[in-house]
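>>> give me the fold of what follows.
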Amino acid sequence: MAVVAFIGLGNMGGPMAANLAKAGHQVHGFDLNPDALSQLKSAGGKAFSSVAEAVSAADAVVTMLPAGKHVREVYTGGNGILANVREGATLIDSSTIDVQSARDVAQAAQEAGMYMVDAPVSGGVGGAAAGTLTFMVGGPDAAFEAAKPFLDIMGKTIVHAGGAGNGQAAKICNNMMLGIQMISVCEAFALAEKLGLDHQKLYDISSTASGQCWSLTSYCPVPGPVATSPANNDYKPGFAAAMMLKDLKLSQEACDAVKAQTPLGAAADALYSAFCEDGNGDVDFSGIIKKLRG
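Model prediction:
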């Protein structure tokens, strides 16, 4: 079994680290939140007071951090991972960040003699706890092969998307589709309400017709048709609107960088920006139907 350092033990990172410990690895964790460190200890891991201490004996390091600037600092800062981990360690960044930051940090890791992949996830907190996440992985073949045994413990579907940064590219594109599709489903239900069409009837038709998509059949934004959707729990978040907005903004930054045209992605960005500005950042992203109802 390996020593795995886990940096960032929040809602996603905490259960991911717990699964590594459950599989028999020695998990050395660091987080700024003392409660997160306590939970890691309860799961069988060991808490450390700094990144440098947590990674010093690690065979592999997993990070789950808020943004590109945090990933850059944690990896390349003087007290960070590259300065303190042993040469040859496997580095896995599961944060969702901008593509350029992922590629810059991967280059720094390569120069320091490390295997590194960017491996953002899909599947939410439930998937993190169950070990059924989807990992979208970017990095060289050798780095992917070194990381995969650890990813297999935390996830169910592991896809090698190509070179460094391609995992982030896949995550950004996927979540832009998700944001656009959720808005389209919400618009359809809002229109159906005004036309006097029953929620269940629209669901029964569209879920087996050309309107079918994940936002409808797995995450329906109105109560009733899909029992497990947040709509049945007052839109308590499985995936918060603020997190969707973060991903949409990353998609638009990427569009600007490569001069791509995503008018629906830009419209989704604008709608979720307004929704969050109205104080709904902690509402599930499917709750945007409230805004679309006017």
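>>> what's the separation between the spatially most central residue of the chain and Met243?
With distances taken as Cα atoms, centre = their mean, Val121 lies nearest the centre of the chain, 4.4 Å away. Counting by Cβ to Cβ, to the nearest Å, the gap from Val121 to Met243 is 12 Å. (Glycine included, C-beta is placed from N, CA and C.)
>>> the stretch 51-200 of the chain: strands as residue ranges?
Taking DSSP state E, counting those that start in this stretch as the test, the strands found in the stretch 51-200 of the chain are 60-63, 90-93, 115-118, 121-122, 133-138, 155-162.
>>> who are the neighbours of the helix or strand of the chain with the lowest mean pLDDT, in terms of helices and strands?
The least trusted helix or strand in the chain, going by mean pLDDT, DSSP states H and E, turns out to be helix 124-130, with a mean of 91. Under the contact criterion of 3 or more Cβ pairs under 8 Å, 6 or more residues apart in numbering; DSSP states H and E, helix 124-130 touches helix 13-22.
>>> any idea how far the longest helix along the chain is from the chain center?
Using DSSP state H, we find that the single longest helix of the chain is helix 166-195. Relative to its parent chain, helix 166-195 has a centroid offset of 16 Å by Cα atoms, centre = their mean, to the nearest Å.
>>> state the mean pLDDT of that helix.
For helix 166-195, mean pLDDT is 98.
>>> then stretch 89-106?
Mean predicted confidence for stretch 89-106 is 97.
>>> just to revisit the earlier point, can you tell which of the strands of the stretch 51-200 of the chain is closest to Leu9?
Checking those against Leu9 by Cβ to Cβ gives strand 60-63 as the closest, at 10.2 Å.
>>> report the mean per-residue pLDDT for that closest one.
On average, strand 60-63 scores 98.
>>> show me this structure divided up by domain.
3-162, 169-292 (automatic domain parsing).
>>> tell me which of the ones you listed sits most buried.
Across the domains of the chain, averaging neighbours per residue (mean count of other Cβ atoms under 10 Å) puts domain 3-162 on top, at a mean of 20.
>>> and that one, how far out from the chain's middle?
Relative to the mean C-alpha coordinate of its chain, domain 3-162 is positioned 13 Å out (Cα atoms, centre = their mean).
>>> gap between the two ends of it?
With Cα to Cα, to the nearest Å as the measure, the first residue of domain 3-162 is 27 Å from its last.
>>> gap between Tyr219 and Val62?
From Tyr219 to Val62 the distance is 27 Å (Cβ to Cβ).
>>> typo on my end, Leu82
15 Å.
>>> do Gly279 as well
33 Å.
>>> ok, now Leu197?
In terms of Cβ to Cβ, Leu197 sits 47 Å off from Val62.
>>> hang on, isn't Phe189 packed against His199?
Yes - using Cβ atoms under 8 Å, Phe189 is in contact with His199, at 6.5 Å.
>>> who touches both of those two?
Here Phe189 and His199 have Val222 as joint contacts, going by Cβ atoms under 8 Å, 6 or more residues apart in numbering.
>>> residues in contact with the closest residue to Arg293 other than its chain neighbours?
Of all residues not flanking Arg293 in the chain, Ala190 sits nearest, at 4.9 Å (Cβ to Cβ, 6 or more residues apart in numbering). Applying Cβ under 8 Å, 6+ apart, we find Ala190 in contact with Ile289, Leu292, Arg293, Gly294.
>>> got a pLDDT number for the last one?
We have a pLDDT of 85 for Gly294.
>>> for it, which non-adjacent residue is spatially closest?
For Gly294, the closest residue by Cβ to Cβ, 6+ apart turns out to be Ala190, at 7.8 Å.
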